[in-house]
Structures are given as structure tokens and as C-alpha cells.
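Undergrad: give me coordinates for this.
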Amino acid sequence: MPPKSRKRARRLGIVAAVLAFVVIAYVSSSQYEDVHVNEGAAFEVEEKITTNNVESPSTSLVHHDDDSHRAADDADVVPDTTTVDNDARRDAVDTGIAKMPVASSSSSSSSSSSKPMTPSERRRSLKLSGFVPLEHFEANGDVVKWGADHIVADAAACHDACVALKDKGCNAWVFCPSKGGCGSQKYKCCWLKKQTRPWTLLGGRGAHVPWTSGGIYEQDDPTGGDPDPSRKFHVVLTTNNAVYQAWQARVMYYHYKKQKALQGPNGQMGGFTRILHDSSDGLEDEIPTCRVDRLQDEMGFVVLSRPWAFEQFFAKCPEIEEDYILMAEPDHLYIKPMPNLMRGNNPAAFPFFYIVPHDQPDILRRFLPGITDEEMFDIDPIGSSPTFIHKNDLKRLAPVWNNMSVALQSDPPAKKAWGWVIEMYGYTLAAYKMGIAHDLRPQLQSQPPWDTEIGDFLSIHFTYGMDYDASGKATPGKVGEWRFDKRSYSHTYPPKHLPAPPAGMKNDLVRVLIDAINEASASLPNWGMYGGNNITGTFH
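TA: The predicted structure follows:
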């Protein structure tokens with residue numbers, strides 16, 4: 001079968017598998033889960049589709065978010081459907097932060113007098129790094145050279161093969177060092193790939209990943225920020241008054257306070273504000289809260305309230321003293337003291353594999369007139385959260401983000417293409433329009449069950465259902481004998497003392513999550529009380 005036909009057939013197979021998973025997930029949780037399961041590694045999720053274990057043009061990615069439930073996670077917004085003004089052109093910045101070998105960094109900030117490099121410009125000024133292998137790491141990317149039968153002597157030879165094909169776009173390599181093979185792949189096979197931002201390699205990592213990977217260019221530090229204690233940030237969370245959001249926000253705020261205390265007075269974690277775009281839920285005395293207006297017409301998509309809430313934040317809420325903001329959502333749980341991950345005034349955000357603006361060039365040309373094909377790859381693969389950003393940048397970005405999201409939701413082709421993540425696209429398109437580019441921080445959050453090890457992850461995003469049989473084996477796409485899914489508690493609080501996962505389960509992050517929820521529920525007053533009633537649920 002020709003490569004293009006194989007690619008097309010594989011995509012259809014993946015779609016069929018996803019639909020099967022979606023049906024099961026919907027029946028069990030009444031929510032849409034857009035998850036692609038890697039045939040060779042049950043916990044890996046794909047950037048587009050799996051490559052190393054099946055025939056396909058891209059490879060697997062552990063970091064995956066399902067914000068499908070954001071429609072129940074947020075609510076309220078959008079003042080009007082004003083057409084977005086797209087006349088401004090982008091002077092974007094994506095600076096280098098030294099890691100492997102040190103990359104030359106184009107320092108930038110909002111007040112910098114030198115013009116920062118755009119991602120396109122940076123791609124044209126890359127510097128070779130030499131051979132720097134990363135064990136237990138499977139780099140993502142479109143395939144430059146198929147690896148199933150590309151057998152080389154060792155990882156260094158795989159690296160060299162990528163360097164030899166750099167003019168064809170190769171900037172990442174993936175090598176199987178295991179004599180027993182890697183999933184269905186052969187020992188010493190070598191996949192050569194292309195990533196759009198090769199200075200920050202993305203992919204799946206952990207002890208369960210058999211591959212060794214690397215790049216050929218100097219790498220930024222994906223986790224590092226400026227440790228200056230004066231660079232404190234303010235966590236800003238948006239919620240409505242639903243019980244579903246209430247218990248998550250309480251758990252989140254509990255662990256925010258815990259990690260802030262562990263960080264100490266010289267840490268960078270500053271204040272916390274919950275923007276409640278709804279009527280009172282009785283938590284204002286427990287969680288610092290600013291109430292703003294509810295959207296009268298949510299256009300059938302309550303997540304449009306999020307950008308409108310942030311726009312109101314600067315007009316109606318008390319001014320914060322910190323210069324930086326970490327935009328957050330209720331299902332974010334901090335498991336370590338959180339540093340400010342920004343360098344200079346460059347925003348820093350978690351990359352989502354499914355935010356791929358350049359896959360819809362016609363939509364981009366309509367909403368960003370004048371954008372070139374190359375510049376489409378400069379649009380950040382992110383949503384609005386978790387994102388670090390200077391408050392002045394967010395203040396000027398929020399109205400544009402709001403209007404862009406409304407305009408996209410009003411546009412049938414955009415709504416069809418981007419569906420439940422359209423507000424995330426609204427954010428990244430608005431940021432591009434405003435000339436605000438983000439550094440990527442893949443370790444900002446983990447997403448179990450697809451991520452399994454704590455490693456250098458700083459938080460847990462518990463958006464997925466976690467299913468295991470009695471032996472501890474994961475059952476993705478099938479309701480397990482043991483399961484935790486936040487959607488099971490859409491109208492009730494989780495009970496105290498959630499049962500521990502099966503002893504044989506090998507996912508440290510799931511255990512940390514359950515322990516953290518149990519710790520919060522045991523410590524917080526009036527757990528399960530809402531509107532004067534006890535609405536504690538049972539474990540499902």
C-alpha cells in the first residue's frame with residue numbers, strides 16, 4: 001500500500017477506535033472523551049496518530065487533555081459577537097532557555113527595545129547540538145523517514161541519520177535500544193521525525209517508555225523559569241456555582257495553600273483569586289473570590305464565559321500586587337511548590353497535542369488575514385490554561401480573546417472543526433494576533449492515566465477517567481472494577497476516604513491524586529455540604 005494510502009487507512013482505523021472509546025466513555029460518564037489509544041503502549045496518547053507501533057505519519061504523545069467537560073466546568077460570557085479586528089501583525093517571541101547544550105536565547109519582554117525572534121525566524125537560526133540521547137523518551141513528530149525497517153547500529157547512528165536529513169526537515173530521532181524490541185517495533189529500528197518547534201522536544205516519557213530519543217538542535221529548558229523571588233505570580237481560577245466545580249475548587253485551593261507553605265516566604269507563589277461568574281455558592285469565605293457578571297447568551301457553549309470572566313477581572317476585581325498571573329482551572333492539583341516558569345516577560349504555557357491551528361489554513365486566513373503558510377506554524381499549540389502570563393499582557397489580550405472566541409463560535413466551519421476546544425483556539429489565535437508568543441512547558445502538568453510517573457511534573461490535571469481491573473491493569477475505554485472519574489461527581493461531592501487503587505496498579509500519579517483528594521476532604525470543613533444540604537456521593 002502506498003504511504004499516502006497507508007496514512008489514510010490508518011487514520012480511519014484510529015477514528016474507529018476513538019469512536020468506540022467515546023461511546024463507552026459517554027455511556028459511563030455522559031461526557032465526550034477524545035482519546036487515541038496507542039496500540040503499543042496503553043498509557044500513551046497521540047499527537048495525531050501513533051507512529052512507532054503502527055503505520056502513521058506522526059507519533060504518540062503522553063500529554064493529552066480532554067476539555068470536553070469544560071462545558072460543564074465553566075459558565076457565563078460573551079458580551080457580543082463583534083467581528084474581530086485582525087489588522088495587527090505579529091511580532092512574536094519564543095525565547096531560548098539553555099538546557100542540553102545551551103541554546104542562544106533571544107531575550108524578550110514587553111518592554112524590550114530589541115525586536116524578538118518569531119518562531120519562523122528561530123527555525124531559520126537553529127544550531128546543531130551534537131549527540132544528546134534521552135532515555136525512556138519517545139519524541140513526537142511527523143515522519144521524515146519510516147523506521148520499521150530502518151535498522152542502525154546504535155542511538156548515535158540514528159542521530160547522525162537525522163542530521164543527514166536535516167534539509168528534508170528531520171530534527172528529532174527515535175531509537176529502539178531494547179533487544180526485545182519496542183512494542184511491535186524491531187530492536188535498533190530508527191524513526192526520523194520533524195517537530196514544528198525543535199528547540200523544545202515534545203513526546204512521551206517515563207520508565208514504561210522503551211525508546212531513546214533526541215533532537216539535533218540546541219534545546220531550551222522546558223521546565224525552567226527565572227528563580228528571582230520577586231517574580232511572584234497570582235493564581236486566577238474561573239468557575240461557576242455548580243457543585244461539580246465547587247468541590248474541585250476546594251481541593252485545588254487546599255493544595256495551593258499547602259504547596260505555597262512548603263515553598264516558604266521566598267517562594268514565587270503569591271495570591272489566589274477565584275473569578276466566580278455566577279451567583280454565590282457560599283464558598284466566598286473559604287476561597288478568595290471575585291464575582292463578575294454571568295453571560296446572558298452563552299451561544300450553547302458555556303466555556304465562552306472564561307475569556308469574558310478574565311476581561312471583567314481587570315475591570316471589576318481588586319487589583320493584584322503581583323506582576324504575573326497563572327491562569328488555572330478547578331481540576332488542576334498542585335503536587336509540588338510551583339515556580340514561575342516564565343523567562344523575562346515571555347508567557348509560558350502547557351502544549352496540547354490537539355491544538356494544531358495550521359491544520360485549518362482556510363479558517364486561519366479568514367480570521368488572521370495576511371498570514372502566510374509558514375507563519376501558521378508560529379501559532380502556539382496551547383489553550384488558555386495552565387498559562388503563566390504578565391498581567392499587562394493578559395489585560396490587553398483578554399478582550400481580543402473574548403471577541404475571537406465569540407467570532408469562532410459564530411462561524412460554522414470553525415465550530416465544526418474545533419468544537420469543544422474552540423475557546424482554546426480563540427486564545428491562541430488572539431495571542432498570535434496581538435504578537436504574544438508563549439514558551440512551551442510540557443512539565444507544567446501531568447494528565448493521568450496517560451502519564452504515570454511524578455518525575456518533574458508540577459501538577460495533576462485530572463480530566464480523564466481512570467479505570468483499572470482488580471489486578472491493577474489499566475482498562476482504557478472500558479469502565480474498570482476500580483475507577484475514578486470527576487464526572488461521576490457532577491452533582492455530588494466525592495465521599496471521604498476514596499478507596500485506594502488496586503495494589504497492582506503501576507501509576508504513581510493516580511495514587512497521588514486519590515491521596516490528595518482524601519487529604520483535602522478530611523481536612524476541609526463541611527465537606528459534602530452545599531446549599532445547606534449534605535450531597536456527598538458514593539464511590540463509583
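Undergrad: buried set for stretch 384-394?
TA: 384-391, 393-394 (16 or more other Cβ atoms under 10 Å). All C-beta atoms are positioned from the backbone trio N, CA, C, and that covers glycine.
Undergrad: now the nearest residue to Ala156 once chain neighbours are set aside: which helix or strand?
TA: Closest residue in space to Ala156, ignoring its immediate chain neighbours: Phe131 at 5.2 Å, by Cβ to Cβ, 6 or more residues apart in numbering. Assessed by DSSP states H and E, Phe131 sits outside every helix and strand.
Undergrad: measure how buried Phe131 is and give me the count.
TA: Summarising burial for Phe131: neighbours were counted as other Cβ atoms under 10 Å, giving 14.
Undergrad: which residues does it contact?
TA: 155-156, 159-160, 214 (Cβ atoms under 8 Å, 6 or more residues apart in numbering).
Undergrad: kindly report the same for Pro133.
TA: Taking Cβ under 8 Å, 6+ apart as the test, what Pro133 contacts is 155-156, 159, 175, 212-214.
Undergrad: if we use 6 Å, what do you get?
TA: For Pro133, the contacting residues are 155, 212, 214, by Cβ atoms under 6 Å, 6 or more residues apart in numbering.
Undergrad: hang on, the last one in a strand?
TA: Yes - counting by DSSP: H, G, I helix; E, B strand; the rest coil, Gly214 falls inside a strand.
Undergrad: thought it was touching Gly130?
TA: No - the pair Gly214 / Gly130 is not scored as a contact, 9.7 Å apart, by Cβ atoms under 6 Å.
Undergrad: what about the two, which has more around it?
TA: More crowded of Gly214 and Gly130, by other Cβ under 10 Å: Gly214, with 25 against 11.
Undergrad: mind listing what the more buried one touches?
TA: 132-134, 159.
Undergrad: tell me which two of those sit farthest apart.
TA: Using Cβ to Cβ, the pair of the contacts of Gly214 lying farthest apart is Leu134 and His159, separated by 11.1 Å.
Undergrad: more neighbours: those two, which one.
TA: Counted by other Cβ under 10 Å, Leu134 and His159 do not tie: His159 has more neighbours, with 26 against 18.
Undergrad: surely the more buried one and Asn171 touch.
TA: No - taking contacts as Cβ under 6 Å, His159 lies outside contact range of Asn171: 11.0 Å.
Undergrad: which neighbours do those two share?
TA: Going by Cβ under 6 Å, 6+ apart, no residue sits against His159 while also sitting against Asn171.
Undergrad: count of residues packed around the residue lying closest to Tyr217 once chain neighbours are set aside?
TA: Residue nearest to Tyr217 in three dimensions, not counting chain neighbours: Leu126, with 4.3 Å by Cβ to Cβ, 6+ apart. The number of residues packed near Leu126 is 17, by other Cβ under 10 Å.
Undergrad: which SSE is Leu126 in?
TA: Applying DSSP H and E, one finds Leu126 in no helix or strand.
Undergrad: my guess is it meets Glu218, correct?
TA: No - judged on Cβ under 6 Å, Leu126 makes no contact with Glu218 at a distance of 7.3 Å.
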